[in-house]
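1. Okay, here's the prediction I keep looking at, along with the sequence it came from:
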There are 6 protein chains.
Amino acid sequence: MTSARLMGPDLPAIPWEERPEGCDDVVWRFSCNPVIPQDLIPSSNSIFNSAVVACGDEYSGVFRCDDKRRMMELHAGRSANGIDWEIDDERIRFEAADGAEPSEWQYGYDPRVCFIEDRYYVTWCNGFAGWPTIGVGYTRDFETFYQMENAFLPFNRNGVLFPRKVGGRFAMLSRPSDRGHTPFGEIYYSESPDLTHWGRHRLVMRPTLGGWQATKVGAGPNPIETTEGWLLFYHGVLTSCNGFVYSMGAALLDLDEPWIVIARTAPYLLHPRELYERIGDVPNVVFPCAALTDAATGRIAVYYGAADTVTCLAFCRVDEVVEFVRENAL
Amino acid sequence: MTSARLMGPDLPAIPWEERPEGCDDVVWRFSCNPVIPQDLIPSSNSIFNSAVVACGDEYSGVFRCDDKRRMMELHAGRSANGIDWEIDDERIRFEAADGAEPSEWQYGYDPRVCFIEDRYYVTWCNGFAGWPTIGVGYTRDFETFYQMENAFLPFNRNGVLFPRKVGGRFAMLSRPSDRGHTPFGEIYYSESPDLTHWGRHRLVMRPTLGGWQATKVGAGPNPIETTEGWLLFYHGVLTSCNGFVYSMGAALLDLDEPWIVIARTAPYLLHPRELYERIGDVPNVVFPCAALTDAATGRIAVYYGAADTVTCLAFCRVDEVVEFVRENAL
Amino acid sequence: MTSARLMGPDLPAIPWEERPEGCDDVVWRFSCNPVIPQDLIPSSNSIFNSAVVACGDEYSGVFRCDDKRRMMELHAGRSANGIDWEIDDERIRFEAADGAEPSEWQYGYDPRVCFIEDRYYVTWCNGFAGWPTIGVGYTRDFETFYQMENAFLPFNRNGVLFPRKVGGRFAMLSRPSDRGHTPFGEIYYSESPDLTHWGRHRLVMRPTLGGWQATKVGAGPNPIETTEGWLLFYHGVLTSCNGFVYSMGAALLDLDEPWIVIARTAPYLLHPRELYERIGDVPNVVFPCAALTDAATGRIAVYYGAADTVTCLAFCRVDEVVEFVRENAL
Amino acid sequence: MTSARLMGPDLPAIPWEERPEGCDDVVWRFSCNPVIPQDLIPSSNSIFNSAVVACGDEYSGVFRCDDKRRMMELHAGRSANGIDWEIDDERIRFEAADGAEPSEWQYGYDPRVCFIEDRYYVTWCNGFAGWPTIGVGYTRDFETFYQMENAFLPFNRNGVLFPRKVGGRFAMLSRPSDRGHTPFGEIYYSESPDLTHWGRHRLVMRPTLGGWQATKVGAGPNPIETTEGWLLFYHGVLTSCNGFVYSMGAALLDLDEPWIVIARTAPYLLHPRELYERIGDVPNVVFPCAALTDAATGRIAVYYGAADTVTCLAFCRVDEVVEFVRENAL
Amino acid sequence: MTSARLMGPDLPAIPWEERPEGCDDVVWRFSCNPVIPQDLIPSSNSIFNSAVVACGDEYSGVFRCDDKRRMMELHAGRSANGIDWEIDDERIRFEAADGAEPSEWQYGYDPRVCFIEDRYYVTWCNGFAGWPTIGVGYTRDFETFYQMENAFLPFNRNGVLFPRKVGGRFAMLSRPSDRGHTPFGEIYYSESPDLTHWGRHRLVMRPTLGGWQATKVGAGPNPIETTEGWLLFYHGVLTSCNGFVYSMGAALLDLDEPWIVIARTAPYLLHPRELYERIGDVPNVVFPCAALTDAATGRIAVYYGAADTVTCLAFCRVDEVVEFVRENAL
Amino acid sequence: MTSARLMGPDLPAIPWEERPEGCDDVVWRFSCNPVIPQDLIPSSNSIFNSAVVACGDEYSGVFRCDDKRRMMELHAGRSANGIDWEIDDERIRFEAADGAEPSEWQYGYDPRVCFIEDRYYVTWCNGFAGWPTIGVGYTRDFETFYQMENAFLPFNRNGVLFPRKVGGRFAMLSRPSDRGHTPFGEIYYSESPDLTHWGRHRLVMRPTLGGWQATKVGAGPNPIETTEGWLLFYHGVLTSCNGFVYSMGAALLDLDEPWIVIARTAPYLLHPRELYERIGDVPNVVFPCAALTDAATGRIAVYYGAADTVTCLAFCRVDEVVEFVRENAL
């Protein structure tokens, strides 16, 4: 087994901080967390579970901003360095994409952003007939956003696109859900010729019997292509007698048949531990939604929501993570 | 408003019995119910919620036969008159359709059969990753059956095809569900260019606030084309303090945009009342799954499961039903 | 202890049938049950849990008629003999009583009727803001009905008036509830100077630890004045693994302080046993709502709903019932 | 494989009726069911889930008699032929066995009776601190009964003794439970040197994934020793949308290590089907509690409760049952 | 629209602190929060959700003190400046008011105090028959307290009086509840001629679809009369996957028909954010129960419980709050 | 009543810190809490709810170490002073004790250690057939551990041995449970001649109606013998709208019949209050599992888990605690 390498473009200016002295962890936290405070914009109650991408020389993103009504909205933002962010005061107002007839806007949360071919696709948990399902849209400039058809019937959450077609079709992971806080959850894989009609569904990962990922699992950032397979960071949930605890793990999926799991971490990689992860609107939550990568150096920066209140950063290297996944596999 | 007429072929030999003397009901029961007893084949515990179609001079069908393990299986059967049935002792064993990779057989129940263009399509509640979703297959002769891709992600039930393309695409109604006995349920409409990839989902019908259809609603037989719209018989469920009660109503859907409900019965058309509907493995269930129609005379024969134990027949006329739906609309 | 005697007027033509040979029960069923079939009027799905009163030489009543939408409505009716009934096809449409501002009609069920001073008061479970509470109205002729203010905030059911003022105030029993099928329930007593403002609430009876009345208890017919106290027939509910079972018992309440229970039956008086009580829209229900009494002879005729589907009659004698209550007290 | 034979004593006068013409079932019903009506004694609401044994030339038994308070009590009874029974009006009042300090009587239900060495042991679901556990007692004459210590901590039900020591120790099957209607249940095996202290617990049988025994399983009559292993009739429960359905199956346990299941029926042997099994205080219940056997002929008579209301009889032959278990094993 | 002004008396010595530099919030926190620590008296586990009033030159109050048994009691207290409090070690022991027959003391919590005409009325959540309802009492001196009749049947909480009669009758807001932690809740308005008999109930406010007030809403301090309507601070609850989150909003009610909502805040005014609101016996709770007002200057001081552990203060100005309510209305 | 004295051996080097100035509490915290951090060994996510004993001149212990898979394991450890601990990196691997046939290791948590006669017995919550029950084992040197038979059938937790035989038999307290987070729980007493077979079960303590111990109670450290009775520290649980809160109280049990409670604290002795008790994987948990005692001086050191994350120490004196229990009894 050789060391894993990243397949995407280089990103020399990736936000980065080296592993602290005395730390043995494969994933380490940014020392200035949280990078986005809960009240960066006047209307926001909290900003978390958000998606950022490199965009030329800069960074752009789609952010979950719960406002002071505690309604869940998506806002666009941009940053010169990936750490200091400017987020629009107004929520994104999607225009209808050609041929699509999206339902009236109800709510949106937990976005992901994925560049495929010629544009940035956005997926999120979208209110449809009052129920959660996977909303799909795109933008070319983070100014104008187009909303396409919802990918699935209710009830679904955590829809995450692959950054390129697989076997000639668009590919998405998602987690079928119920209408409430959903005490179960598995990751499935689906394909589409046109990003509108979806099928050929495959089961990817189940929760485990016991442990930090025993209640449910869901995809985090878009899968990261490596020489060893798709690297998927995902969240797992344990139910304590005081509610859910969200941690982060990682899996390696087959490049051509991504519903095949090559390896998956038995231990977590990141677990609520700092005050900003332990205390907030929902205590004990670490929830990754985006990752930046620099192919040249193998560096990865993971953005994650903490305690459903703020947005944080953690770092790792692709070779170390993949090796850890393989050596600590379930 | 003129009287509604059926759009399909004639079926002079349709199973039929005139409305009894003194009965004012729009839908009336066959006097020899149940037509299929619970133990027609040696292994069966119950035979119900089944689908029959006219097939040349004869009738064929796909039957839900719960065996004495209480496992749910699908069996093929045939009949000269639609009343006296011969059902195969062995369950249907689907072959993989071209290009499809269906999951291992787990269970199947509540089938529907629909002739479209050149073959008989079968849809049913299919066990997939252990969860219910909509299985799709076809046969040309009720001997050999082919299984295609599942239409949707879990969790779904009561997938019912339209008998022709609508707006150039295949069309299906379904009822998103949960993993258990599902205390909610709405009917949605979805489209597909190829019966494999599905999208453009539309909400069709919700449960009502109170009444026989307050808990959930689901499509029954395949929609019946009439001059006034698609006639959809459907089941509605009320939750009493002793559990679910299943009744049958009808709706009229727009011919071109079938997610638009023209009218829908406020009262039920058929409700558990006879001993064979009130007593059985699940008391108080009337569950329609198939209908035969004779365009020349407007006669309709509805097959329905009773008390999750036996299969029964009821009759009506298209003009009377459509008039009733319009005049007793919600 | 002397034998109990009834305090009200005589009713020589009370519906009556002597106790059958060989029967030792204190309460016995009418041999021609059900007296009101489920489809006495064209729109009805079921007629049950209804209230009748003697009214000059005749009988009048307010009936729960669930229609074929399974919506719960109140209808007026009349009878020459208390057994053969004529029920209005149209539901009662209440006019606003002087000074009252009743909410829009939503639904009404489980009525009681009680003559006090100069008119017939009707109480029922009334939909208010979508939730159940106690509706109050009156009629003088069973033609025109007036609706007063709701007696209580949501959530309440089984509001039952006393036939005369107690301590100078109107008096009502009721059973605070929740919004669903309510897995608990106790009987409370409340007073009012004007039938609009209610207060001075007292607890009367709780469910027991185990037995037929372990889940909840609720008042049945209006309390019957006897020389020994108010005789209250009431329903009790047991929760089996297949749902609720409703039976009937009786209690003796203090004449001046009716929240004091003198005695209350440990065994039931009537329990689902006949097919029409065991089978119907809700299996295993006996639910008393009204009683006629003949003071001269001590005869009592109890009207009860069976299986939430039909209305039935049972008979007893006041001296025997009161003696049974005392000798079989909890 | 040779035919199975019974190991116990002969019982030439066993209640018996040959299999009806045209019936292929391995277990068939007595044509005069129910053998014990619900009101055999004046105080009883229902008599079911009861235990009978051969006792010299006669039969004796311990019966679950729910009284008209719906409280659960145990009564003794006797019969000359096993079919016509005389049951004591008064409930059994246990005396304390030597050295035991049983708690105050609260309730008792679902008894089993088992002759071991020199006396008849009775086990039942006993109220202890208000919760269900396994009560243990004995009698030599069905007149005087002695109560020993409870076998287990709460919560437990369906404690069933083996008719002889296994490996030098007394042996019992039981089904750990919760405090309510228990939506789960597995059969465990435990040992005791003295019938007071229990340990060395082993898991015997779990529910299955789907089918008539998917919710829970519990031992029925005391295991029957055969040349092929212990024959255990047991109940299995399926949860429909209208509640629990109880059926009967059988298993073959290893003679020396009875926690080893040699074979176990995939299909049920007896399922609610007759009106007296489908209708009653709890619809759709078949619940076996006792069996008589005649070693000379291999005949077995099974007593079972029906619909939690009456007691019934069914028949089979040991060789046929054991063959069926082996050939239709899970 | 002119600026809102307060209608009550002046209170020049109102506890007060100006809005901090750089703060734009309409409501701001006291810099020395909490004003009452959890252990101010030796027996207390926590002191929160309490009511204070101006009383001549001083301040008095009724305090929820949960003791170290975690039982909920009401204590009286007094303060010279509204910030430094002395609370009685012994709980309030109510005497029966004239004509009232209050039930035995069980528990009391979440009090409000309201001066009307000639005395201080106290309302609270009172244990009645073991269930929560609205207790009513009064005092003239905070030494002797009199308990009147409970206002309503169980189950109710958050009963809050208006500081003067409305339309000639006493008026109260309340929130009908269930017996536990109540996953729903709306505010209703009721009237009384005598503070004992209540009726003419009107719905005031429902929870919203989504947001910080989606699960339930309940009145906070007694409504404050302004030139623009009654100003009502209220709590709203959101259910996260880790339990309830309590925030504070405000509404403006019609002066003459207070069940008419003129405007109501879509965003919250105060939300758990400081450590003392985020951490405690119940994390993430802000629960207002009292307000002091100075008509001359428009200043308002709101007392609120934090994390069910301590008592805190926040400040605002009537004109700014009313303007905010109008401009940020739902 | 004289002052209580400890009956066990002296332990002059007991970990100890005097009560801080100005503190009146009977139990006070160690100023250097937590004594065991959550990551003392590389694999641990948290170390809590653990058991320590004096062992010659040193201390040994069995520790609950949840690893980074969040699986629950038991590890051995040792310390020179009871404060600075060294814990084995590898989990304990039990060997089968003579004659025992323990099931395969699934998980273990919440251990207690108790020296009886000649060895250290360990009890813990042991996974058996996937369900929690009481595992029993022993060690002589904290190097080699032997596992005996499970004490009970599932479902049970918090099995705690007495440090000597009572009435000639081994004695254990336990808390029967369900399969999940168990919203109820009482302490029972059971006896055994051989630590394998258990019986003669007695109820010891129930939860209270309201308060910190209203949901459930469970034994903490092994009972401590005093001149006044067995001193039992125990945990009690209250259910807030945000989940369980665990506190610590104490009871005094009869020396000869320990199921008799002489007195039991109405108030708690220790309640979550410090940050390390309020914040962690399960907020608001204080859970005692072990105690060291020095008979000569009456000093007691209690080890408790905090927030299901770390291990802490608290101190008290036997005379003060026993006096407090008596004077603040329920």
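-> Alright, I've got the coordinates. Numbers count the residues shown, from 1 in each chain, chains lettered A, B, ... in the order given.
2. low-scoring pLDDT stretches of chain A, where are they?
-> A:1 (pLDDT under 70).
3. For it, which helix extends over the most residues?
-> As assigned by DSSP state H, the longest helix anywhere in chain A is helix A:318-327.
4. Enumerate residues external to it that contact any of its residues.
-> A:1, A:3-6, A:26-27, A:224, A:226, A:228, A:231, A:250-252, A:263-265, A:269, A:293, A:298-300 (Cβ atoms under 8 Å, 6 or more residues apart in numbering or on different chains). In short, each C-beta sits where N, CA and C put it, glycine included.
5. For the stretch 201-330 of chain A, just list every one of the helices.
-> For the stretch 201-330 of chain A, the helices defined by DSSP state H, counting those that start in this stretch occupy A:275-278, A:318-327.
6. Dump the longest helix of chain A to PDB, restricted to CA.
-> Taking C-alpha atoms only, helix A:318-327 is exported to PDB below (Å, rounded to 0.1, in the frame of the first residue of the first chain):
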ATOM      1  CA  VAL A 318      -4.600  13.000   3.200                       C
ATOM      2  CA  ASP A 319      -1.900  10.300   3.600                       C
ATOM      3  CA  GLU A 320      -2.300  10.200   7.400                       C
ATOM      4  CA  VAL A 321      -6.100  10.100   7.300                       C
ATOM      5  CA  VAL A 322      -6.300   7.400   4.700                       C
ATOM      6  CA  GLU A 323      -3.800   5.300   6.600                       C
ATOM      7  CA  PHE A 324      -5.700   5.800   9.800                       C
ATOM      8  CA  VAL A 325      -9.000   4.800   8.100                       C
ATOM      9  CA  ARG A 326      -7.400   1.600   6.800                       C
ATOM     10  CA  GLU A 327      -5.600   0.700  10.100                       C
END
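7. Just the buried residues of that helix, please?
-> Of the residues in helix A:318-327, A:Val318, A:Asp319, A:Glu320, A:Val321, A:Val322, A:Glu323, A:Phe324, A:Val325, A:Arg326 count as buried by neighbour count, 16 or more other Cβ atoms under 10 Å in any protein chain shown.
8. what does stretch A:116-125 give?
-> A:Ile116, A:Tyr120, A:Tyr121, A:Val122, A:Thr123, A:Trp124, A:Cys125.
9. Take those and keep only those in strands.
-> Members of the buried residues of stretch A:116-125 lying in strands (criterion: DSSP state E): A:Ile116, A:Tyr120, A:Tyr121, A:Val122, A:Thr123, A:Trp124, A:Cys125.
10. what's around the one residue in chain A that gets nearest to chain B, how many residues?
-> In chain A, no residue comes nearer to chain B than A:His197, which is 3.6 Å away by Cβ to the nearest Cβ. Around A:His197 there are 21 other residues, counting by other Cβ atoms under 10 Å in any protein chain shown.
11. what do you get for A:Pro37?
-> For A:Pro37, the count of nearby residues is 14 (other Cβ under 10 Å).
12. what's the nearest residue to it if we skip its chain neighbours?
-> A:Val310 (6.1 Å; Cβ to Cβ, 6 or more residues apart in numbering or on different chains).
13. Look up how far C:Glu225 lies from that neighbour.
-> 70 Å (Cβ to Cβ, to the nearest Å).
14. Which of the two has more residues huddled nearby?
-> Set A:Val310 next to C:Glu225 and count neighbours by other Cβ under 10 Å: A:Val310 wins out with 23 against 19.
15. Distance check, that one against chain D.
-> 41 Å (Cβ to the nearest Cβ, to the nearest Å).
16. ok now do that residue, which residues does it touch?
-> A:Asn33, A:Pro34, A:Ile36, A:Pro37, A:Gln38, A:Ser46, A:Ile47, A:Phe48, A:Tyr276, A:Gly280.
17. run the last query once more with 10 Å
-> Residues in contact with A:Val310 (Cβ atoms under 10 Å, 6 or more residues apart in numbering or on different chains) are A:33-40, A:46-48, A:276-277, A:280-281, A:304.
18. what ranges do the strands span in the stretch 201-330 of chain A?
-> Counting by DSSP state E, counting those that start in this stretch, the stretch 201-330 of chain A has strands at residues A:216-219, A:224-226, A:229-240, A:243-253, A:261-264, A:286-294, A:299-306, A:310-317.
19. Let's have those in TSV, adding distance to D:Pro111.
-> Supplementary listing: the strands of the stretch 201-330 of chain A in TSV, determined by distance: least, Cβ to Cβ, whole Å:
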stretch	distance to D:Pro111
strand A:216-219	44
strand A:224-226	65
strand A:229-240	39
strand A:243-253	43
strand A:261-264	51
strand A:286-294	55
strand A:299-306	58
strand A:310-317	62
